[in-house]
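**Student:** could you work out the structure for the sequence below:
(2 chains)
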Amino acid sequence: GAVVSQHPSRVICKSGTSVKIECRSLDFQATTMFWYRQFPKKSLMLMATSNEGSKATYEQGVEKDKFLINHASLTLSTLTVTSAHPEDSSFYICSASNPQRGGETQYFGPGTRLLVL
Amino acid sequence: RKEVEQDPGPFNVPEGATVAFNCTYSNSASQSFFWYRQDCRKEPKLLMSVYSSGNEDGRFTAQLNRASQYISLLIRDSKLSDSATYLCVVNDDYKLSFGAGTTVTVRA
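**Tutor:** All right, here's what the predicted structure looks like:
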């Protein structure tokens, strides 16, 4: 099956710093990637949809200036949490889809646990 | 109203038992449906798609009721390894909406 990687798997940072999370599709070209956030015992919430070569589409309530998304190539999307605060501590998961493979299926990365102190 | 709602459980069942649970969704125009499995502190993994006619994959059976806007998952002959959180997922124009999950614990 398709493989999606994320890096780092976990990060601890001080309040006010910025954190970059990478999402890579390893064996197919992902025209669309998605970024989700999951708080403990809660559902995954879509933050934004990232399309290669264009601006990301953010969900309502997600600040685009705080969560910067770059999808510069067909295999890499990055999410940067700028000026992170403790309330940004969460499990961030990316997924990738490729319409040429039947774009309904999303392949999830292993997630990144962010803890902001 | 949440787009996808699930009974959070937990469902505690002995090995070999059958367990079933439902999920309701709010958008009648939703196009496709899935069950994902999520283990503790891991990413979701696709368990199975849900088709209109209902479908089976080994010990797992999924049903879709469009009229009542719910889907169900039934697990037969539960194994210890089935212990996980099962996420109901609805696809609308390639955007997935997730339920908060139903936790199943299978005990020896």
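**Student:** quick one: which helix or strand includes the closest residue to B:Leu87 other than its chain neighbours?
**Tutor:** Sequence neighbours aside, B:Tyr36 is the residue nearest to B:Leu87 in space, at 4.3 Å (criterion: CB to CB, 6 or more residues apart in numbering or on different chains). All C-beta spots, glycine's among them, are computed from the backbone N, C-alpha and C. According to DSSP states H and E, B:Tyr36 maps onto strand B:32-38.
**Student:** quick check: neighbours of the worst-scoring helix or strand of chain B on mean pLDDT in the sheet, parallel or antiparallel?
**Tutor:** Across the helices and strands of chain B, mean pLDDT, DSSP states H and E gives its lowest value to strand B:95-98, namely a mean of 88. Using DSSP bridges, the strands paired with strand B:95-98 in its sheet are strand B:84-92 (antiparallel).
**Student:** mean confidence score for the strand it pairs with?
**Tutor:** In this model, strand B:84-92 has a mean pLDDT of 93.
**Student:** quick revisit: any idea which helix or strand comes after the strand holding B:Tyr36?
**Tutor:** Per DSSP H and E, the first helix or strand lying C-terminal to strand B:32-38 is strand B:44-50.
**Student:** from the chain's centre, how far out does that following strand sit?
**Tutor:** How far strand B:44-50 lies from its chain's middle: 8 Å, per CA atoms, centre = their mean, to the nearest Å.
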